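Engineer: using only what follows, build the 3D model:
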Amino acid sequence: MRLNDIIGRVKEKAGIKSLNEMQRAMAADTSRDTVLLAPTGSGKTLAFTISALAGATPPTGKVQIVVVAPSRELVTQIAEVIRPIAIPLRTVAFYGGHSMADETRSLSTIPDIIVATPGRLLDHLNRSNLDLKGVETLVLDEYDKSLELGFHDEMKRISKRMGRIGRIILTSATPLKAMPDFLHFDKHPTIIDYTELIDNPSGRTDIVEVPSPTKDKLYTLLDLAAGFPLGSRAIIFVNHRESAERIHDAMKKAGFPAGLYHGGLDQQQRELAVELLNNGTTPLLVATDLASRGLDITGVEQVVHYHLPPTPENWTHRNGRTARQNATGTVYTITAEGENIPDYVKCQRMFRPKERVGQPRQSNVATLYFNGGKKEKISRGDIAGFLMQKGGLAPEEVTHITVKDHHSLAAVPAAKVRETLDAISPHRIKGQRLRISQIEG
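Structural biologist: Numbers count the residues shown, from 1 in each chain. All right, here's what the predicted structure looks like:
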């Protein structure tokens, strides 16, 4: 594909006027093997997409590009970025928790680009659903995270099934201690290092210590969260699933619109939690460090360390969820008397929230669920038109529409959700009688 055409489409689809310095460096790179180092939220996905597509040809009936990423959420995010930019090349996404039958059917026509988690890609290879011989470009995204999660053996087995690869791109948020021992990797690959970006989010982040008067920090958290501006989004990080469950339950009982995210939830529950955070239905998310990387979460104004992060990397990646894409953000670290604060936890000032018992935050957004999606030929435009024509909503009141394979979600004003449901319930959408309901945040 022509580089100028790719860059033009990137600007159009991503809504940007120009590439950042890192993306320009990747666009100019013609090395066989490249290591891209850059912090979370810096635009790595667009950077490696431009570079990978520059070596692609029109559809050949073979897989040309494979992107391997460590989490389901990251796979879906990458695929949604690549898909509109790569046209006419066809992009598919494979990951656990997704219908294997749907994925197998998607291979009836060989895709040009595959984005997958290591385990699911290996599953397709073991079933002989795929032939990856002759792949031109392999991207191992968040390679350091893949190693941390124990995917070394899976990636090694995948590489053996691929044979000689034309080009390899590794991306990482932190410098790599060693290059992959399972790839025919150049001894001296090109290193494109933007870990110290001039526009590093840390320079736009206000880091605040919040002392708790008691060892149990819950009431301090509730007072702090009650003071967040209406409509702003926050992620509250804890160190254990059990803690996440306890704090989430307490926040819900206190009347806060809070979601929950950890590795013990199934894929659909986790995807829903991210969507409800993004669209504002539950603008507070209680999460483990699983949410610190690889999620497509925009507009997070606050990060809260309920528990002190166990490593410097956790501190960095948690904080990287805010102050993204040139925005500013605030990081709150709740500390208790006698707690041992690590050296890497650096706070710039101290803040004591006012007691706001009985004053929980409210959400002005509600989410509607439709039991039809892409496989039922439902599009974002279909849902937007339906809500405006049959539900009486104005265009600016229909926001954050997400269409999955077999269901869709749409954010609407919370104040109008009941009357909207009453208005649309008698009607069909594209001739189909769909079940439509409100998702309780």
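Engineer: what about Pro310, neighbour count?
Structural biologist: 11 (other C-beta atoms under 10 Å). In short, each C-beta sits where N, CA and C put it, glycine included.
Engineer: residues touching it, list them.
Structural biologist: Residues counted as contacts of Pro310 (C-beta atoms under 8 Å, 6 or more residues apart in numbering) are Asn239.
Engineer: that one: what secondary structure?
Structural biologist: coil (DSSP: H, G, I helix; E, B strand; the rest coil).
Engineer: would you check how far apart Leu122 and Pro310 are?
Structural biologist: Counting by C-beta to C-beta, to the nearest Å, the gap from Leu122 to Pro310 is 30 Å.
Engineer: what does Arg105 give?
Structural biologist: 43 Å.
Engineer: give me the below-cutoff pLDDT ranges for the stretch 301-441 of the chain.
Structural biologist: 323-327, 357-359 (pLDDT under 70).
Engineer: what are the ranges of the helices in it?
Structural biologist: 312-319, 380-389, 417-424 (DSSP state H, counting those that start in this stretch).
Engineer: list the buried residues for the second one?
Structural biologist: Across helix 380-389, burial judged by 16 or more other C-beta atoms under 10 Å covers 382-384, 386-387.
Engineer: got a markdown table for those residues, with distance to Arg428 too?
Structural biologist: Compiled in a markdown table, the buried residues of helix 380-389 are given as follows (distance: C-beta to C-beta, whole Å):
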| residue | distance to Arg428 |
| --- | --- |
| Asp382 | 11 |
| Ile383 | 13 |
| Ala384 | 16 |
| Phe386 | 9 |
| Leu387 | 14 |
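Engineer: max pairwise distance over those residues: which two?
Structural biologist: Pairwise distances across the buried residues of helix 380-389 (C-beta to C-beta) peak at 9.8 Å, for the pair Asp382 and Leu387.
Engineer: how far out from the middle of the chain is stretch 34-43?
Structural biologist: With C-alpha atoms, centre = their mean, to the nearest Å as the basis, stretch 34-43 stands 15 Å off its chain's centre.
Engineer: list the buried ones in it?
Structural biologist: In stretch 34-43, the ones that count as buried by 16+ other C-beta under 10 Å are 34-43.
Engineer: tell me the centre residue of the chain?
Structural biologist: Leu295 (1.8 Å; C-alpha atoms, centre = their mean).
Engineer: hang on, it in a helix?
Structural biologist: No: if the criterion is three-state DSSP, then Leu295 is coil and not within a helix.
Engineer: give the contact list for it.
Structural biologist: 73-74, 77, 274, 321.
Engineer: with Gly294 instead?
Structural biologist: 69-71, 73-74, 77, 142, 145.
Engineer: farthest-separated two in those residues?
Structural biologist: Applying C-beta to C-beta across the contacts of Gly294, the maximum distance is between Gln77 and Lys145, 13.6 Å.
Engineer: show me the strands in the stretch 251-400 of the chain, by range?
Structural biologist: Listed in chain order, the strands of the stretch 251-400 of the chain (DSSP state E, counting those that start in this stretch) span 258-261, 284-287, 300-305, 329-336, 349-350, 365-370, 399-403.
Engineer: give me the sheet partners of the shortest one and which way each runs.
Structural biologist: Paired strands of strand 349-350, with direction, are strand 205-212 (parallel) (DSSP bridges).
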